[in-house]
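1. Here's a sequence, model it:
(one chain, ligands or ions: 2)
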Amino acid sequence: MKALPNHFYTGREEFLEERERVFAPMWTCIGFASDAPNAGDVQPLEFMKMPLLMVRGNDQTLRVFHNVCRHRGHVLVSERGTVKQSLRCPYHSWTYTLEGKLARTPNVGGVGVNDIADFDRAGFGLFEVSSVEWNDLVFVNLSGDAPAFEEFIAPLEQRWEPFWGAEGSSLLRLAQSHSSIRLEVPANWKLAVENYLEAYHLPTVHPALNRFSPLADHEIHLGEDFAGQLSHCYTLGAGTARHLPVFPAWPEALYEEAQYPALFPNTLLGLQADHLFVMVIIPLTHNRTLEETRLYCVGDESGAEDFEDLRQAQHRFWTEVFAEDIGVVTGMQAGRASPGFDGGVLTPVMDKATAHFHQWVAKRVGVALG
Ligand code: FES
Ligand SMILES: [Fe+2]
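-> Residues are numbered from 1 along each chain as shown. Ligands and ions are numbered 1, 2, ... in the order given. Reported below is the predicted structural model:
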């Protein structure tokens, strides 16, 4: 099958078109709820050149707003932090509640006059974006008309239930000081997703990983809005005598099963019996992408001091694996400047999941792939 042509990786216009046609209609992960755990916590985010803001309200609900003041359009919050009761614009001090209502407009009618006739503050609250917390992940629907989030996530939940059980997700705990990996790659966001969708490159790019998780033990799985790998050879504790706590419901006979789906368009997940990682692909520009990863262990017990070395080893392992991918993703972006390449070929066995993703994107941007 033919692949998406170069200009979908090198064009600024295509980048913005994808924001409208690929991301906006979907449920898209933009960040992590644990970055704003308490009332008054604010976390500004840039998503595809668009300023967004996560705010935890007094009712403990996490909301996502367009991070822009309704007066003259100054960005409202530029740094992560905690505010007391309100969000104050740095330009003329219009102030919004944590729930996004415009509360105060100081001096708007002249010095000391904070109200004016014919200006109803109720009509000038922050624009809220539909959002959902799923485990620690914050998903948004920018267009506001996607089907219910539950519908979107149900196939993944059904797939994972036999492994992590009914209580699985409630047991996730950030892996304390070893929970975060941040990498930037000078490439289009799709290449980061595509690289995740295949195990074909394991022997060449990840020789260490391939020794105990060889290519032959991987299988491709396709769903409607996701695709990825199954591995049949995950090794708890990387073959050492100890390992982190496992999901209590995970059948012992399936400890070697691991699931590596990409939830389209931008959420890459890795579920193993003793941990979950989530890599959120944040497109910055058409040729720059942030890979923001969190690692989660299982249950309170996993946070014990005794497991510090294992949490650290797990973090080191994934940091090395993800870093190994940066070079090849960068190399694919560089290749897309060549007139000697325009998408290449997606082979029927090894590139099956990538082909599925290309069809998924192509359908949304209105391109026919032969
Ligand atoms: S731009 Fe925000 S108060 Fe004027
Ligand atoms: Fe890889």
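2. CA only for contacts and neighbour counts going forward, please
-> Noted.
3. What secondary structure category should be reported for whatever residue of the stretch 201-350 of the chain ends up closest to ligand 1?
-> With C-alpha to the nearest ligand atom, the shortest gap between the stretch 201-350 of the chain and ligand 1 falls at residue 284, namely 24.5 Å. Three-state call for residue 284 (DSSP: H, G, I helix; E, B strand; the rest coil): strand.
4. how about the nearest residue to it, chain neighbours excluded?
-> residue 48 (5.2 Å; C-alpha to C-alpha, 6 or more residues apart in numbering).
5. CA atoms only for the helix or strand residue 227 falls within, dumped as CSV, please.
-> If you go by DSSP states H and E, residue 227 is part of strand 226-231. The C-alpha trace of strand 226-231 is given here as CSV (Å, rounded to 0.1, in the frame of the first residue of the first chain):
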residue,chain,number,x,y,z
PHE,A,226,-6.1,2.0,17.7
ALA,A,227,-3.5,-0.4,16.6
GLY,A,228,-0.3,-1.8,17.9
GLN,A,229,1.7,-4.8,19.1
LEU,A,230,1.1,-7.6,21.5
SER,A,231,4.2,-9.2,23.0
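6. which helices and strands does the following helix or strand past it pack with?
-> Using DSSP H and E, the next helix or strand after strand 226-231 towards the C-terminus is strand 258-263. Judged by 3 or more C-alpha pairs under 8 Å, 6 or more residues apart in numbering; DSSP states H and E, the packing partners of strand 258-263 are strand 226-231, strand 267-272.
7. roughly how far out does strand 258-263 sit from the chain middle?
-> Distance, stretch centre to chain centre, for strand 258-263: 13 Å (C-alpha atoms, centre = their mean, to the nearest Å).
8. Quick one: mean pLDDT for it?
-> Taken as a whole, strand 258-263 has an average pLDDT of 95.
9. Ok, stretch 274-286 next?
-> 97.
10. Helices of this structure, start to end?
-> Secondary structure of the chain (DSSP state H): helices at 7-10, 12-18, 149-164, 189-196, 202-205, 207-212, 308-335, 352-365.
11. right, and those - which one's nearest residue 41?
-> helix 149-164 (24.2 Å; C-alpha to C-alpha).
12. Give me the buried positions along the closest one.
-> 149, 152, 157, 160, 163-164 (16 or more other C-alpha atoms under 10 Å).
13. what are the C-alpha coordinates of that helix, in PDB please?
-> Output in PDB follows, covering the C-alpha atoms of helix 149-164 (Å, rounded to 0.1, in the frame of the first residue of the first chain):
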ATOM      1  CA  PHE A 149     -15.700   9.300  25.600                       C
ATOM      2  CA  GLU A 150     -16.900   6.000  27.100                       C
ATOM      3  CA  GLU A 151     -17.700   4.800  23.600                       C
ATOM      4  CA  PHE A 152     -14.200   5.700  22.400                       C
ATOM      5  CA  ILE A 153     -12.300   4.000  25.300                       C
ATOM      6  CA  ALA A 154     -14.600   1.000  25.600                       C
ATOM      7  CA  PRO A 155     -12.700  -1.300  23.100                       C
ATOM      8  CA  LEU A 156      -9.400  -0.700  25.000                       C
ATOM      9  CA  GLU A 157     -11.000  -1.300  28.400                       C
ATOM     10  CA  GLN A 158     -12.600  -4.500  27.200                       C
ATOM     11  CA  ARG A 159      -9.300  -5.600  25.800                       C
ATOM     12  CA  TRP A 160      -7.500  -4.900  29.100                       C
ATOM     13  CA  GLU A 161     -10.000  -6.200  31.500                       C
ATOM     14  CA  PRO A 162      -8.900  -9.800  31.400                       C
ATOM     15  CA  PHE A 163      -5.400  -8.600  32.400                       C
ATOM     16  CA  TRP A 164      -5.700  -5.900  34.900                       C
END
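14. Compute the inter-axis angle for that helix and strand 267-272.
-> Using axes from the mean of the first three to the mean of the last three C-alpha atoms, to 10 degrees, the direction of helix 149-164 lies 20 degrees away from that of strand 267-272.
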